[in-house]
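mind looking at a prediction? Sequence and model below.
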Amino acid sequence: MVAATSVHLTAEEQDKSFHLKSWWQRFLIVLAGPATNFVVAILIFAGFFLMLGMPHTPPIVGRVLPNSTAHAIGLQLGDRIEEIDGTSIDTFEDIKRAVALRPGETLDIRFVRNGTEQVRPGKIAAFDLRDQFGQTARIGLLGIVPTAQEWVRLPLLSVIPQATRFTFSITRSMIDGLGQIIGGERSVKELGGTLKMAQMAGQQASLGPFQFIELVALFSINLGFINLLPVPMLDGGHLFFYLVEAVRRKPVSDRTQEWAFRGGLALILALLLFTTANDLGSFGVWARLGRLIG
């Protein structure tokens, strides 16, 4: 098929044709799409940090809540959290991200007290959190209150590295959450779709500029991450086929790709319907319909 097509193309056209390029060139071209989403998120954070500074809350215990995990393992005022279950901690936000998706799990908490490093295991408490918009989520809590948040002006050369770190910290949390849903540790009801995203955008805009900027960047990260999943019809599916081509030293057959893309399309449509149903359920639509029918 490729050979027949190339007969009707000039040498210049063949040189520019995507389908006639080597597998690694096609791989890099397709990879550039999802990669751009992550770059956009990094630039969004970098612009915000450059103009207004970076929000920074030191990972220092300001107060220990009674009957909490922190109280049970003996954390005290002034302790500095350094690491949670192998994850390095630089800010209080890192602490929240490290424990939020792991309710009920026992994690090693490494902290420094008066210059002495200590490590203690603690079972993360599970808490059903309801925000000011009435939405509930089951999260893990360590049970500490931070010191005051600071807005740190960053040196020009550290803006991009800090924005990159912020972006990949969010990505890591996203991967952890998806893994827990696949593993059955979290409910599939937590998956949201376009309706939920629109609702979240309006809610976050009312909380402040950084919360809204963070959500916009999150949407970009989410789009890039989803596109990298090895599902036919998505960029990740194409990347998978290019890797298979590299191993086999020949492309996957047209018939195999056709059936794979059909399956991928069916999966995407099913996921769209499922998340839309979840969104409508979170808005109370199904409950109201049940009351009307009942």
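Thanks, I have it. Numbers count the residues shown, from 1 in each chain.

and residue 195, what pLDDT?
Listed pLDDT for residue 195 reads 64.

the one 4 residues further on now?
Residue 199 is assigned a predicted lDDT (pLDDT) of 62.

going along the chain, name the helices of this protein.
2-7, 11-16, 23-52, 69-73, 92-100, 156-182, 194-205, 209-228, 235-248, 254-282, 285-293 (DSSP state H).

got those helices as CSV, with distance to residue 141 columns?
All C-beta spots, glycine's among them, are computed from the backbone N, C-alpha and C. Shown next, in CSV, are those (distance: least, C-beta to C-beta, whole Å):
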stretch, distance to residue 141
helix 2-7, 57
helix 11-16, 56
helix 23-52, 26
helix 69-73, 7
helix 92-100, 7
helix 156-182, 15
helix 194-205, 21
helix 209-228, 20
helix 235-248, 34
helix 254-282, 22
helix 285-293, 28
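
so which of those helices is nearest residue 143?
Among the helices of the chain, helix 69-73 comes nearest to residue 143, with 4.1 Å by C-beta to C-beta.

could you list every helix and strand in contact with that closest one?
Other helices and strands packing on helix 69-73, by 3 or more C-beta pairs under 8 Å, 6 or more residues apart in numbering; DSSP states H and E, are strand 61-64, strand 116-123.

in a markdown table, list the ones you listed along with distance to residue 210.
What follows is the helices and strands packed on helix 69-73, written out as a markdown table (distance: least, C-beta to C-beta, whole Å):
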| stretch | distance to residue 210 |
| --- | --- |
| strand 61-64 | 21 |
| strand 116-123 | 30 |
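
residues in contact with residue 98?
Counting by C-beta atoms under 8 Å, 6 or more residues apart in numbering, residue 98 touches 84-85, 87, 89, 107.

if you rank these by neighbours, which is first?
residue 84 (23 neighbours; other C-beta atoms under 10 Å).

which residue comes closest to that residue once chain neighbours are left out?
With sequence-adjacent residues excluded and distances taken as C-beta to C-beta, 6 or more residues apart in numbering, residue 84 is closest to residue 98, at 4.2 Å.

OK, contacts around the residue most central in space within the chain?
In the chain, the residue lying closest to the centroid (C-alpha atoms, centre = their mean) is residue 174, at 2.7 Å. If a contact means C-beta under 8 Å, 6+ apart, then residue 174 has 221-222, 225 as its contacts.
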